[in-house]
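>>> show me the folded form of this:
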Amino acid sequence: MSKARNRSHLPRHLVSLFALLMVSAACRGTTPINDLLADPGRYDGKTVRVAGEVTGSLGALGRGGYRLDDGTGSLVVISEDRAVPVEGATVGVKGEFQAVFTFFSESVAVLLEQGRFSP
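Presented below is the predicted three-dimensional model:
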């Protein structure tokens, strides 16, 4: 009876494992925003990929910008395109990280958008 009980749990464990692998694959290749802000000198001038939810956006004068929040932190993304994603959208962004300045424990930085991808 205990063997039958163990077999009935096997599919549930496989489903959990599969879900974990899918989430890991979706996040592969992205850098948590908190990592960027915690060590801006390491990433300054480098191309990175981040993904998250747009929490605010603005497009004007041939440029656009939006704030991206991945749950670990938020970052302003500057785009050459005025067609920025709307608030609440989930997007992935590839771009050049620019550390503007660090004051005590606060880092101000932007990401110069090079392209978007589906997270």
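>>> now do the strands in the protein.
According to DSSP state E, the chain carries its strands in the segments 47-60, 63-69, 74-79, 90-103, 106-117.
>>> and the last one, what does it pack against?
If I follow you right, that is strand 106-117. helix 33-38, strand 47-60, strand 74-79, strand 90-103 (3 or more CB pairs under 8 Å, 6 or more residues apart in numbering; DSSP states H and E). The way it works is simple: take the backbone N, C-alpha and C, and place the C-beta from them, glycine included.
>>> for the second one, same thing?
Contact here means 3+ CB pairs under 8 Å, 6+ apart; on that basis strand 63-69 packs against strand 47-60, strand 74-79.
>>> can you add distance to Leu68, mean pLDDT and mean neighbour count and give those back as a markdown table?
Formatted as a markdown table, the helices and strands packed on strand 63-69 follow (distance: least, CB to CB, whole Å; pLDDT from 0 to 100; neighbours: other CB atoms under 10 Å):
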| stretch | distance to Leu68 | mean pLDDT | mean neighbour count |
| --- | --- | --- | --- |
| strand 47-60 | 5 | 92 | 17 |
| strand 74-79 | 5 | 94 | 20 |
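>>> now tabulate those strands in CSV and tack on distance to Leu112.
Shown next, in CSV, are those (distance: least, CB to CB, whole Å):
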stretch, distance to Leu112
strand 47-60, 9
strand 74-79, 5
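>>> for Phe101, which of those is the nearest?
Nearest of the helices and strands packed on strand 63-69 to Phe101, taken as CB to CB: strand 74-79 at 13.5 Å.
>>> thanks a lot, catch you later.
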